[in-house]
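Novice: Need coordinates for the below:
(2 chains)
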Amino acid sequence: MVAVEGMEHERRSEAVARLGWIIGAAVLLLVVTVQPFADANVWWHLALGRLITSHGIPAQEPFSFLPAAHPWVGQQWLLDVLLAGVVGAGGAGLASAVLGVVAACGFLLAALAIPRVSHATGPWLAFAMVLSGVVASRLIGVNAEAVSLFAVAAVLYVLARWREGRAGAVWILPPLFLVWANVDTLFAVGLLIVATTLLLASVSRSDSAASRGHLAAALAASVLLTLVNPYGPGLYASVITTAADPAIAQLTASWASPDFHTWWLRLFEAEGVLLVVLWATSGGPAPIDAVLGIAALVAALWSEAYVALFAIIALPQIALYGTRAWRLQVAPRVSSRFRVPPARARLLLFGGLIAVGAAAVVAGARQVTPAAAASYEASHYPMAAADYVAAHYPDQRLYSTDTWGGYLAYRFPTGRVVLVYDQGSTFGDAAAQSYTKIHLLQNGWEKVLRDDGIAHAIVLDTSQEASALHELGWVVACHDSVSRSVVMSAPPPGTTPAAAGPLTAPPAGSPAC
Amino acid sequence: MVLSLLPVTSIIHDPDFWWHLRAGQLILAHGGLLATDPFTYTVASHHWTMHEWLSEVLYAALQSRGGLGLIVLVLSIVTWLGLLCLLLRAALRRPNAFALGLGLLLAAVAGYPIWGPRVQMITFFLSALTLLAVERHLLRGGRAIWLLVPLFVLWSNLHSGFIIGLGFIALILIAEVSGGWLHWRDGAPSGRVRTLFYVLLACTAVSMINPNGPAILAYAFLTQGSGAQQTLILEWHSPDFHDWVVLPFGILLITLIALIAVNRRLRARDAALVAVTAALSMQSVRHIAIFVAATTPVWIDQTSMLLQKMRTRSAARRPQRPSLQFRVFTFSVLMGALVIVYASIRLLPAMRVVPNSLAYAREYPVCAARWLAQAPEPLKIFNQYGEGGYLADALSSRGDKVYIFGDAALMGDPLLYTYAGVTSVQPGWDSTIRESGTDIVLFDTATPLANVMEASTRWVKVYEDPLSVAFVPSNRVRDVKLPPVPASYPRGDPCAQLRSTAVDTTAQNQ
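Specialist: Model prediction:
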């Protein structure tokens, strides 16, 4: 009796310690998930959210002076509206904090998406969370990816419970997909995960046929509920068009394959290698885990945008197979003094983790103050340059890169003065080619400027566009030294441009914006 | 193996080939290595580490005896021998014949972005040979492993890639020792591992027997540690899986991962080779060849294991086979036909291409170089990085100098970054060119630099063909003595053909 009570006590303290590790890691992850407006797309989403709040969802692309090639599908309309509401209520800092917490909760949920009987240890869970969090950190932020990451984690959690025999858990999926389909296109990946699990996963329950029936019904209901969106079944066509459109790849850097010269993608690579090593050394993965892991890896190698998806799918697997591999390969070979420390030491350890996390959060909280948000905007986006343009060239067409195009859409939501921003599927191939002609100075770049009636530009002071426009006789109207941008203007029509000397960076003698 | 001949043979696409060839000719002419490079006006004072001197001499010797065609033939054979080493290494583990054939074919296709007449093929072959020797030693023992020692003397004089061979041996040693500690299955006997350690020491020692001495060991790491090379040179970029030529490599990698996950059985040394070479190939496209050399036999082994499992489960009946004579006859006919097809569609066409031909005029500034060769005085030419080697080969004998060429370590990171600033037309590009003492800018048409110079009033266009365009500073038009631009070329001349194909393409586009 005493022995049973002792075991029960030991199990409880282990569960508490495990929860402590997970919560500690989630708190620590807030340091990387709470981010300023680093993703430039947030600006046009914010502008769109305000527009939807006041006028409803627009039927056409609302900011660019280019004719849209495809109908406007504001697929993230719900997120845009919520974002506008949150920013309106508490400024950019509150939006950063809210989406940071959502992403951290996603990692927490993914860590819990493990069969309870596997007894994954706290340190492995915390390690997997921190590793995946850092790998995904460059792609999440104040954007739909953070929400999708949470939603994928929720799907994995529900499916883990279903595999344990809790068939009722699957009914969380339909409302989840209802919301998700109005927030991000990645909901389609969520449906694929559910469908694959339905086909491949084993269920620990005697009436597995009935259990599979539950999941199949929940999947069908989820698919039906995803149709409840402003575009109905057209949303699926939009998802396919977006995925297959070459203009997207042209306008969106994150659609390219990963560049493994950057440290965070090296970390992604390390996570991939670690996962395979753990599969091989832990007695092999379950078929569903292998399929999901490899599919996510293929997607991430194809396009950097899916690295966060890989990270969240790999998280529970690293914790699970890491624990198993340790027990099989390492634990029997290390001396007893290196084995699991006593409960008190473990409690101290995760207490320390929580303390470190809390300290990091306090330090990071400074980043979400209104002053910090304004300073970030001024240094990373052409804020002063946009002020200058608003004052001197109202309602006139502007050239800028697609990255800054989103910010300019936010600054000039009316008047259609922006060329392009990161919404390639709407603009189409022709617009993408026009833009890249100027951006990459391809043959005929000057003609595109003339034909589109663009007489002003906001570009980086070290950019090739600045040099090229200078050679056409454009003059630097002002220089924004904080964001290192310049406002350039074409010579008035009918005048012969003066023979210019070489442009310098920063431009000599130009006034401040 | 016969089919794998097809992807390993091509004309010369490696832009560095040309300066290697010229360097080899200069070594033979001078009877020794050069201390500084004779090609550039920017880094002429830098010490030149000619780490590939023996390959360069080999190029020059082959070229003088049989032209470019002989070099194409020899390097195709070298690459193919590398694939043969993969076959022999895989065969040591008695694999399934189907897996063996499929694996080799996949390897030959996966390495396609890298194959071709280039010095790296020597490293590919010698890497594969080293791994074959090491695997054979760990499985069977014997003294043959000591043959690696003279091999490394040769290799360290052929290419700085010998460091990869040393790295492979060291990695296998670490994996075997760690695997032994973890009681990993299929480890090699400790005596053989110890012998391999002594072989590694001997190989490291003898690899210093080269004109650069021990410095060659540090030199080999220079490129890997150069930020400019990793960022600016295309071949050092990560593979772009949107490019179809990289997809077979992706398939090789992903299927290998899947096989490991399914079989759950992997030697420690195989695991180490897969992990390290996968990381290298993810970093740079050029390392795909190393990945292929290291992992193809592992892929074949893993596929064989899977097929074995499936066969055990299904217990399929053996189908009745036709007679031996019939099989030998059919096999011989098929192989003969494949060899004829290979020779007629790949080898002979590649061998027949001469330097002054349309095939090369489409890739290298052949016509512009011919024009510049008529200039009355030597010129200092600001050129495209990938074309510096060709221009050095074509014009250095006249005393013309280029701004940059493909020996990135010799160029150094500062020059590479400066060059990148000019080609991406960053403010200050104009003064960078002028202050370097450049007489003429020869660049590809439709590049940002060419298009901005075209728009600039400070530069004058003096030459243009479908591939290249040349500018001189407007204030030096009279100082720089240039030959007249040919109004037309004789019929059949590659430059005439280049012009007519460009006209055809323009008409089609319109």
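
Novice: Just the CA trace of stretch B:400-414, in PDB.
Specialist: What follows is stretch B:400-414 as a C-alpha-only set of coordinates in PDB (Å, rounded to 0.1, in the frame of the first residue of the first chain):
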ATOM      1  CA  ASP B 400      45.400  42.800 -71.500                       C
ATOM      2  CA  LYS B 401      44.300  42.600 -67.800                       C
ATOM      3  CA  VAL B 402      41.000  41.900 -66.200                       C
ATOM      4  CA  TYR B 403      39.400  43.300 -63.100                       C
ATOM      5  CA  ILE B 404      38.400  39.900 -61.600                       C
ATOM      6  CA  PHE B 405      38.400  36.200 -62.400                       C
ATOM      7  CA  GLY B 406      37.300  33.000 -60.800                       C
ATOM      8  CA  ASP B 407      40.100  32.400 -58.200                       C
ATOM      9  CA  ALA B 408      38.000  33.900 -55.500                       C
ATOM     10  CA  ALA B 409      40.600  33.200 -52.700                       C
ATOM     11  CA  LEU B 410      43.200  35.200 -54.700                       C
ATOM     12  CA  MET B 411      40.800  38.000 -55.300                       C
ATOM     13  CA  GLY B 412      40.100  38.300 -51.600                       C
ATOM     14  CA  ASP B 413      36.800  39.300 -49.900                       C
ATOM     15  CA  PRO B 414      37.300  43.100 -50.100                       C
END
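
Novice: Check which residues of it are buried.
Specialist: The neighbour-count check on stretch B:400-414 (16 or more other C-beta atoms under 10 Å in any protein chain shown) flags B:400-413 as buried. The way it works is simple: take the backbone N, C-alpha and C, and place the C-beta from them, glycine included.

Novice: Show the pLDDT at the residue nearest the centre of chain B.
Specialist: Nearest to the geometric centre of chain B sits B:Gln120, at 4.4 Å (C-alpha atoms, centre = their mean). B:Gln120 carries a pLDDT score of 92 in this model.

Novice: I'd say it and B:Ala289 touch.
Specialist: Yes - look at B:Gln120 against B:Ala289 with C-beta atoms under 8 Å: they come within range, at 6.4 Å.

Novice: Surely A:Val487 is in a strand?
Specialist: Yes - according to DSSP: H, G, I helix; E, B strand; the rest coil, A:Val487 belongs to a strand.

Novice: residues touching it, list them.
Specialist: Under the criterion of C-beta atoms under 8 Å, 6 or more residues apart in numbering or on different chains, the contact list for A:Val487 reads A:385, A:388-389, A:456-458, A:476-480, A:513.

Novice: Mind doing that once more with 6 Å?
Specialist: Neighbouring residues of A:Val487 by C-beta atoms under 6 Å, 6 or more residues apart in numbering or on different chains: A:385, A:388-389, A:458, A:477-478.

Novice: and what of B:Val480?
Specialist: Counting by C-beta under 6 Å, 6+ apart, B:Val480 makes contact with B:439, B:472.

Novice: Now it: which helix or strand?
Specialist: Assessed by DSSP states H and E, B:Val480 sits outside every helix and strand.

Novice: how close does it get to chain A?
Specialist: According to C-beta to the nearest C-beta, to the nearest Å, B:Val480 and chain A sit 19 Å apart.
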